[in-house]
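>>> Need a 3D model of the following:
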Amino acid sequence: MSINTAAATAVSVPLGPPIAAHALRYTAMYAPKPFAEALLVYRDNGTYTILSPGEDHHGCYVSATDPAQGLRHVAFMSWPSADWGRNVASHTLTFEAASGAFTQELRLPGDPVPRAQHGYALPVEHPERIDAGAGWTALRQEHAEAFTTLERLAGSGSTSA
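A predicted model of the protein is given here:
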């Protein structure tokens, strides 16, 4: 049977409960995704949700450290979503705990050049209380203090708040 005539098959992957989260403030972004702020929610079964003014999708991740011990280097694979034109994207984030900075490498299907992004991140307190279904606007308001701190960090380039 050819791929064109094969019936589409759906796979159901449950989203686990939140176990960690980062508020992100980008200082260098991928031009087609110019959203300076985002909330990245890590779930207990290796799934994640990211929300921003222009993104709301899920995927899976693998962390080089136990999320309960602090995230340092995390590889993400988004699942096909409208955010990425019904395709996937790969992101690798490396966090520097002392400065709050992070770097991100974005890889897109068929694009041999990785895209570099960077900014600042803060762990979100009580991630188990996050309701990702509330949407970006509500979550941005709920975590306004973290985003204000990140804006100061991004403006000064240091952790002095």
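>>> Which secondary structure element of the chain has the lowest mean pLDDT?
When the helices and strands of the chain are compared on mean pLDDT, DSSP states H and E, helix 144-156 comes out lowest with a mean of 93.
>>> That helix - contacts with which helices or strands?
In terms of contacts (3 or more Cβ pairs under 8 Å, 6 or more residues apart in numbering; DSSP states H and E), helix 144-156 is packed against strand 18-28, strand 115-123. C-beta coordinates here come from the backbone N, C-alpha and C atoms, glycine included.
>>> What mean pLDDT does the shortest one get?
This predicted structure assigns strand 115-123 an average pLDDT of 96.
>>> Buried residues of the helix or strand just after it, list them for me.
Once the chain leaves strand 115-123, the next helix or strand it forms, by DSSP states H and E, is helix 136-142. By 16 or more other Cβ atoms under 10 Å, the buried positions in helix 136-142 come out as 136, 139-140.
>>> Tell me the one of these nearest residue 73?
residue 139 (24.9 Å; Cβ to Cβ).
>>> Would you mind confirming that that closest one makes contact with residue 39?
Yes. Between residue 139 and residue 39 a contact is recorded at 5.3 Å, counting by Cβ atoms under 8 Å.
>>> list residues touching both of these two?
Listed as contacting both residue 139 and residue 39 by Cβ atoms under 8 Å, 6 or more residues apart in numbering are 51, 130.
>>> which residues touch residue 102?
24, 93-96, 118-121.
>>> Mind doing that once more with 7 Å?
By Cβ atoms under 7 Å, 6 or more residues apart in numbering, the contact list for residue 102 reads 93-96, 118-121.
>>> Could you find the closest non-adjacent residue to the spatially most central residue of the chain?
For the chain, residue 40 is the residue whose C-alpha lies nearest the centre (Cα atoms, centre = their mean; 4.0 Å). Excluding its sequence neighbours, the residue lying closest to residue 40 (Cβ to Cβ, 6 or more residues apart in numbering) is residue 22, at 4.6 Å.
>>> burial measure for that neighbour, as a count.
23 (other Cβ atoms under 10 Å).
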